[in-house]
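> Build me a structure from this.
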Amino acid sequence: MPVDFTGKVALVTGGSNGIGAASARRLASRGVRVVVADVDADQGKAVADEIGGVFVRCDVTVPSDSAEAVALAVREFGGLDIAFLNAGIGTGCSLGDDFDVDVYRRAMAINLDGVVYGAHHALPEVRKRGGQIIATASMAGLMPMPGDPVYGANKAAVVGLVRSLGGAYPDVRVNALCPAFADTNIIVPLRSTLEEIGMPILPVSAVVDTFMSIVEGSGTGEAWFVQAGRSSEPFGFRNPPGPRAADGSRIEAARKDPVSIALEEN
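All right, here's what the predicted structure looks like:
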């Protein structure tokens with residue numbers, strides 16, 4: 001039976017286009033009141049007006065902007081149930097001769113810092129309503145990304161952050177959305193190469209379908225992949241080896257610690 005989202009409130013960063021805009025539209029169609037946050041005021045306002053939401057200009061690299069976006073959701077709609085921290089950029093920057101410190105810092109600021117700031121400011125309000133935080137990571141956070149190692153590092157960090165937060169806050173669900181190459185502006189510089197090598201490009205609707213599966217689900221600390229020709233589900237991480245005593249036995253005291261339990265070997 002479909003989940004009833006009537007009256008729920010969502011904040012979507014990077015909500016003016018691509019996955020953010022499509023997710024905002026899908027949430028609104030299910031009765032969710034949406035705050036669209038983006039640096040693109042014209043397009044962001046257009047999306048917000050279209051879905052009966054509100055727009056806030058939000059540069060996710062500025063902590064006070066994330067704080068204001070959350071505060072606006074509370075002022076306008078009374079609280080916050082879903083924080084979709086989706087804003088992100090590609091870099092095209094390697095660590096070779098083309099390495100650019102400014103490009104690197106901008107990518108870190110948007111792709112990782114923006115999620116950290118957004119989660120920090122959203123957590124108090126989301127916890128009040130037993131809500132959830134979803135961050136857009138990438139398949140690049142689950143597998144090597146030789147063509148854009150800086151982007152891969154950003155997204156792997158987001159996956160690690162989400163997995164840790166999922167265990168740190170039992171009253172809030174925190175998950176990651178990890179799409180492969182989707183039909184958004186971020187792949188514009190790569191599109192011809194992807195087409196030449198026959199790499200499938202995901203329709204945005206497929207990514208939003210998985211986003212809604214996360215929203216409607218019950219898990220936390222999960223990283224849901226979205227890959228062409230595959231049914232989306234949480235990626236199955238193999239647990240690293242946990243601590244053992246000198247005789248090889250498990251550390252029973254450590255087993256009582258949820259963090260240690262999470263690190264136990266299979």
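> Poorly predicted segments of the stretch 151-266 of the chain, please.
Across the stretch 151-266 of the chain, the ranges flagged by pLDDT under 70 are 252-266.
> those helices in it, which residues are they?
191-196, 204-216, 252-255, 258-262 (DSSP state H, counting those that start in this stretch).
> then the longest one to PDB, C-alphas only?
Taking Å, rounded to 0.1, in the frame of the first residue of the first chain, the C-alpha atoms of helix 204-216 are listed here in PDB:
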ATOM      1  CA  VAL A 204      16.200  10.800 -14.600                       C
ATOM      2  CA  SER A 205      12.900   9.100 -13.900                       C
ATOM      3  CA  ALA A 206      14.700   5.800 -13.000                       C
ATOM      4  CA  VAL A 207      16.900   7.700 -10.500                       C
ATOM      5  CA  VAL A 208      13.800   9.300  -8.900                       C
ATOM      6  CA  ASP A 209      12.100   5.900  -8.700                       C
ATOM      7  CA  THR A 210      14.900   4.700  -6.500                       C
ATOM      8  CA  PHE A 211      14.900   7.900  -4.500                       C
ATOM      9  CA  MET A 212      11.200   7.200  -3.800                       C
ATOM     10  CA  SER A 213      12.000   3.600  -2.800                       C
ATOM     11  CA  ILE A 214      14.400   5.000  -0.200                       C
ATOM     12  CA  VAL A 215      11.900   7.600   1.000                       C
ATOM     13  CA  GLU A 216       9.200   4.900   1.400                       C
END
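> Buried residues of stretch 77-91, list them for me.
Buried residues in stretch 77-91, counting neighbours by 16 or more other Cβ atoms under 10 Å, are found at 77, 80-91. (Each C-beta comes from the backbone N, C-alpha and C, glycine too.)
> ok, of these, which one's closest to residue 129?
Taking Cβ to Cβ as the measure, residue 81 is the one of the buried residues of stretch 77-91 closest to residue 129, at 5.2 Å.
> which ones are touching the closest one?
Counting by Cβ atoms under 8 Å, 6 or more residues apart in numbering, residue 81 touches 8, 9, 10, 32, 126, 129, 131, 132.
> now the third one, which residues is it bridged with?
Listed by DSSP bridges, the beta-bridge partners for residue 10 are residue 34, residue 82.
> how deep is it tucked in, by neighbour count?
28 (other Cβ atoms under 10 Å).
> Can you pull the domain assignment for this structure?
9-235, 241-266 (automatic domain parsing).
> Pick the most buried one from these.
domain 9-235 (a mean of 19; mean count of other Cβ atoms under 10 Å).
> what separates that one from the chain centre, distance-wise?
Remark: domain 9-235 is offset 4 Å from the chain centroid, using Cα atoms, centre = their mean, to the nearest Å.
> now do the same end-to-end measure for that domain.
28 Å (Cα to Cα, to the nearest Å).
> again with stretch 86-93
OK, stretch 86-93 end separation, Cα to Cα: 21 Å.
> who touches that stretch?
12-15, 19-20, 23, 37-38, 58, 60, 99-100, 103-104, 106-107, 110-111, 114, 134-136, 138, 147-148, 150-151, 154, 177, 186-187, 189-190.
> before we move on, the earlier item: now distance to residue 3 too, for the domains of the chain, in JSON lines please.
Output for these, formatted as JSON lines (distance: least, Cβ to Cβ, whole Å):
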{"stretch": "domain 9-235", "distance to residue 3": "5"}
{"stretch": "domain 241-266", "distance to residue 3": "27"}
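> quick one on the thing from earlier: which ones among the buried residues of stretch 77-91 map onto helices?
residue 77 (DSSP state H).
> farthest pair in the buried residues of stretch 77-91?
77 and 91, at 34.7 Å, using Cβ to Cβ across the buried residues of stretch 77-91.
> mind checking how far the closest residue to residue 18 other than its chain neighbours is from residue 5?
Take residue 18 and drop its neighbours on the chain: the residue closest to it by Cβ to Cβ, 6 or more residues apart in numbering is residue 184, 3.6 Å away. Separation of residue 184 from residue 5 (Cβ to Cβ, to the nearest Å): 24 Å.
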